[in-house]
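Student: missing the sequence, but the structure's below:
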C-alpha cells in the first residue's frame, strides 16, 4: 500500500461507528479493491482506443480507494501501451477518465486531494467537477409527478458528465443502509425511480439498477455487496433485473470469512451491461474450514490465489493460521423461476439430483402447516417478565399464560423447559369457530390491570391500530390450537439441523418455526424427525438455501424447510422405517450423550440408505458438511 492509499485508509478511520452506520459504509480491504478493479477494467486494457477513452465511475467513492487503484492500473497500462506516462498524461487521466460521487462532503474533498497527490499535480482546476457531492441514486429520474414533479433530488448539479449511458465502468462498494432507516421523502423518491425498490431492501441493491442507467452498452460493473442479494425475497426483483439487463460473468462469495471489518457477509459481483446471455458463470467461494487436511497452501492474499487459479480448482489455503476452502468452477446461471440463487459444481449437482430423483415428496407435501411462532412486537410486555414468580406475584389469570419455547429451549430431538428458569407468554387471545380473537379483558381483571400499565407502549404499535385490532393484541398470534397439538420445532437460526418433537403443547416464540404433520401417528412423526436431523438433509439445506450468517449459522425458514426431499423408501421399506423409528424413540429417551452420538450415526447411515448413496457419495457429503460446520 502506497502513502496515498494509507492516507485514504486513515481518513476512513476518522469516522465513528455510529457515523459509519448512518452512511452505510464499511471498509474494503486492498485485496478486494485490487481484484474488483482489475477484473472490471480488464477488457478495456487490451485496446489503445478503449484505454484512451474509458470513463470510470465510483458512485459511492468514500475516500477514493477504488479510484486510486483504477488510476494505478490505467497509468501502468498507459505506460506499457504508449511507452511513457508523463505528468500531462496524469492530469489528463484524472480529469477525463475518473469520476466519483459521495453523499459525504468530507469524503469527496479527501478523494480529490488523494488523486491529485497520486498524480503529483500541484493543481487540477477542472478536476473538481469529476468528484462531486451528492446522492448518486438521485441521478436516475423519477416520474411520480403528482407528488414530486419530475426533477431528481440532488445536493449538487451533476451536469452532463454524469448523463445516461455515459460510463464504461462502474465499480465500488455501495453503502449498506436498510430502506426503513432512510428519511421518508428520500425513501419515496427511491421507490418511484427504481423498479427493484420493493419490500424490505437495502439501498446498495439500487446501485445495480443505477448502473444500468449510467453504463454504455457493454459497459462493465464491479461491486462488492451483501451476499443476501442471492437469496432474500426483498432482492428477488433485483435478481430478475440483473438477468434481463446484464451478462453476469463472475460471483465470488466471501461468506463468513471475516477477512475484513464488514457489517455484511460480502460478495463480489462482476457483470456487463449487455443483452447477450450465457448459461454459465465463473463462481468462487471462500469459506473457513476446520477440517484437518495434509495439503495446505500458505498465502497472504486469498483473492490473488483465486485470481491465479484455473477453472475448475479447489484448494485448502492458510492465512495467518486460519484454513480456508477456496473453490472456483463454472456454474449454471439460475433462471427467473428460481427463488434463491445457489451455485454447484458437477459433484454437488450429481448429489442433489440423486436426492431429488430418490424422493417421493417434499416435507411441505406432508405438512399440514409450517410456520413461524408468535411475534408479539412487545416482548418486554408479553414475554420477558413472565416468570412463574412474576405471574404469581401479579395474580395473572392462569388460562392466559402458557409455557413458551424459545430457540435456546430447542435441543436436537426434544425440547427442554423448566418452570423455574424459563418463560411463559401472556396470550390474550382465544379461538372460536376456527378464528383467533382477542379475549374480553373485563373477564380477566388481573391481566387487564397489568396490560393497562403498559398501554402507552402497546398503543405505540400503530400497525395494530391501522389493522383495526385491539391495542393489547399480539401482532402475529398464530392459532392456540396449533400449539396444543403434537409438532416438530426448530430454531430459526442454527449452526446445524436441530429439530425437536414437542408432545407437551408448548407455545412457540418467533425465534422458532414449527411443523404440524398431516399424519399424526408415532411412526410418521418419528421417521420424519429422524430424516430432518440427518446429515443428508442438513447437506441439502446448507447447499441449497444460499443464505448463511456469521459463525456458520443458517436460517431455517418455511421456504427452505418445505422443499426438503422425502425419500421414496420411507414409504416402501418397512425395514428401514422400523429401524429409523426405533432409533428416534431411543434418542428421545436417552440422557447418555455417548450413546446418543452412536445412535445418531446409525440414524445417518439409515438415511443415506433411504436415498441409496454410495460410500464415496457419503464421504463427499460429510466432507462438505465439515466445511460448513462451525468449530464448536
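Tutor: Sure thing, it's come through. In this text the structure is predicted, and so the values were computed from the model without any measurement.
Student: Run through the stretch 201-350 of the chain and note the low-pLDDT ranges.
Tutor: 259-263 (pLDDT under 70).
Student: Where do the helices of it begin and end?
Tutor: In the stretch 201-350 of the chain, the helices defined using DSSP state H, counting those that start in this stretch lie at 206-214, 236-245, 302-308, 346-357.
Student: so which of those helices comes closest to residue 135?
Tutor: Between residue 135 and those, the shortest gap by Cβ to Cβ is with helix 206-214, which sits at 10.4 Å. Quick note: C-beta positions are derived from backbone N, CA and C, even for glycine.
Student: Show me which helix or strand of this structure is least confident by mean pLDDT.
Tutor: None of the helices or strands of the chain scores lower by mean pLDDT, DSSP states H and E than helix 145-148, at a mean of 42.
Student: Distance to residue 602 and mean neighbour count for the helices of the stretch 201-350 of the chain - can I get that in JSON lines?
Tutor: Shown next, in JSON lines, are those (distance: least, Cβ to Cβ, whole Å; neighbours: other Cβ atoms under 10 Å):
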{"stretch": "helix 206-214", "distance to residue 602": "49", "mean neighbour count": "22"}
{"stretch": "helix 236-245", "distance to residue 602": "41", "mean neighbour count": "19"}
{"stretch": "helix 302-308", "distance to residue 602": "39", "mean neighbour count": "19"}
{"stretch": "helix 346-357", "distance to residue 602": "20", "mean neighbour count": "15"}
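Student: Would you format those as JSON lines with distance to residue 106 included?
Tutor: Converted to JSON lines, the helices of the stretch 201-350 of the chain look like this (distance: least, Cβ to Cβ, whole Å):
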{"stretch": "helix 206-214", "distance to residue 106": "21"}
{"stretch": "helix 236-245", "distance to residue 106": "30"}
{"stretch": "helix 302-308", "distance to residue 106": "29"}
{"stretch": "helix 346-357", "distance to residue 106": "47"}
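Student: what about the strand or helix carrying residue 515, distance to the chain center?
Tutor: In this assignment (DSSP states H and E), residue 515 forms part of strand 512-517. Relative to the centre of its chain, strand 512-517 is centred 23 Å away, using Cα atoms, centre = their mean, to the nearest Å.
Student: just checking, what packs against it?
Tutor: strand 367-372, helix 480-484, strand 487-491, helix 522-532, helix 558-561 (3 or more Cβ pairs under 8 Å, 6 or more residues apart in numbering; DSSP states H and E).
Student: mind redoing it with 6 Å?
Tutor: strand 367-372, strand 487-491 (3 or more Cβ pairs under 6 Å, 6 or more residues apart in numbering; DSSP states H and E).
Student: Out of these, which is the most enclosed?
Tutor: Highest mean neighbour count of these: strand 487-491, a mean of 23 (counted as mean count of other Cβ atoms under 10 Å).
Student: ok, the residue most central in space within the chain to residue 555 distance?
Tutor: In the chain, the residue lying closest to the centroid (Cα atoms, centre = their mean) is residue 228, at 2.8 Å. For residue 228, the distance to residue 555 (Cβ to Cβ, to the nearest Å) stands at 11 Å.
Student: Contacts for stretch 34-46 next, please.
Tutor: 50, 54, 69, 70, 73, 77, 169, 171, 220, 222, 270, 303 (Cβ atoms under 6 Å, 6 or more residues apart in numbering).
Student: and which of those residues is nearest to residue 614?
Tutor: residue 303 (35.8 Å).
Student: quick one: pLDDT of residue 488?
Tutor: Residue 488 carries a pLDDT value of 98.
Student: again with the one 10 residues further on
Tutor: The score at residue 498 is 96. That number is its pLDDT.
Student: what's the distance between the nearest residue to it once chain neighbours are set aside and residue 536?
Tutor: Beyond its immediate neighbours in the sequence, the residue positioned closest to residue 498 (Cβ to Cβ, 6 or more residues apart in numbering) is residue 412, lying 5.1 Å away. Residue 412 sits at a distance of 15 Å from residue 536 (criterion: Cβ to Cβ).
Student: of these two, who's got more company?
Tutor: residue 536 (27 against 17; other Cβ atoms under 10 Å).
Student: wait, what's in contact with that one?
Tutor: Here residue 536 is in contact with 607, 608 (Cβ under 6 Å, 6+ apart).
Student: Can you say which helix or strand has it in it?
Tutor: helix 535-544.
Student: Mind giving me the packing neighbours of the next helix or strand after that helix?
Tutor: Next in sequence after helix 535-544, counting helices and strands by DSSP H and E, comes strand 554-555. Packing contacts for strand 554-555, counted by 3+ Cβ pairs under 6 Å, 6+ apart, involve no helix or strand.
Student: Now with 10 Å, please.
Tutor: Other elements packing on strand 554-555 under the criterion 3 or more Cβ pairs under 10 Å, 6 or more residues apart in numbering; DSSP states H and E are strand 493-494, helix 535-544.
Student: Give me the contacts around that strand.
Tutor: 231-232, 491-497, 513, 538, 541-542, 545, 547-549, 560, 628 (Cβ atoms under 10 Å, 6 or more residues apart in numbering).
Student: Quick check: ChimeraX command selecting the buried ones in the residues you listed.
Tutor: Buried residues within those, by 16 or more other Cβ atoms under 10 Å, are selected in ChimeraX with:
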select :231,232,491,492,493,494,495,496,497,513,538,541,542,545,547,548,560,628
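Student: Spit out the contact partners of the closest residue to residue 239 other than its chain neighbours.
Tutor: Leaving aside its chain neighbours, residue 239 sits nearest to residue 341 (6.2 Å; criterion: Cβ to Cβ, 6+ apart). Contact analysis of residue 341 by Cβ under 10 Å, 6+ apart lists 227, 229-231, 235-236, 239, 242-243, 248, 251, 283, 331, 333-335, 546.
Student: Narrow these to those in strands?
Tutor: Judged by DSSP state E, those include 248, 251, 283, 331 as members of strands.
Student: which ones are touching the third one?
Tutor: What that stands for is residue 283. Listed by Cβ under 10 Å, 6+ apart, the contact set of residue 283 reads 248, 250-253, 311-312, 327-333, 341-345.
Student: One more: residue 480?
Tutor: When contacts are counted by Cβ under 10 Å, 6+ apart, residue 480 touches 402, 427, 429, 430, 431, 436, 505, 507.
Student: what residues go with each domain of this structure?
Tutor: What automatic domain parsing lists as the domains of the chain is 3-281, 368-628.
Student: Mean pLDDT lowest where, among those domains?
Tutor: domain 3-281 (a mean of 83).
Student: Centre of the chain to it, how far?
Tutor: 21 Å.
Student: cool, and stretch 453-473?
Tutor: For stretch 453-473, the distance to the chain centre is 31 Å (Cα atoms, centre = their mean).
Student: Which residue of this structure lies farthest from its centroid?
Tutor: Most peripheral residue of the chain (Cα atoms, centre = their mean): residue 83, 46.3 Å.
Student: what about that one, distance to residue 221?
Tutor: For residue 83 relative to residue 221 (Cβ to Cβ), the value is 31 Å.
Student: again, but for residue 556
Tutor: Note on residue 556: its distance to residue 221, by Cβ to Cβ, is 33 Å.
Student: likewise residue 383?
Tutor: Separation of residue 383 from residue 221 (Cβ to Cβ): 45 Å.
Student: Show me which of the two is the more surrounded one.
Tutor: residue 221 (26 against 21).
Student: picking up where we left off before, contacting residues for the residue farthest from the centre of the chain?
Tutor: By Cβ under 10 Å, 6+ apart, residue 83 has no neighbours at all.
Student: Would you mind giving the secondary structure of residue 384?
Tutor: Secondary structure, DSSP: H, G, I helix; E, B strand; the rest coil: residue 384 is coil.
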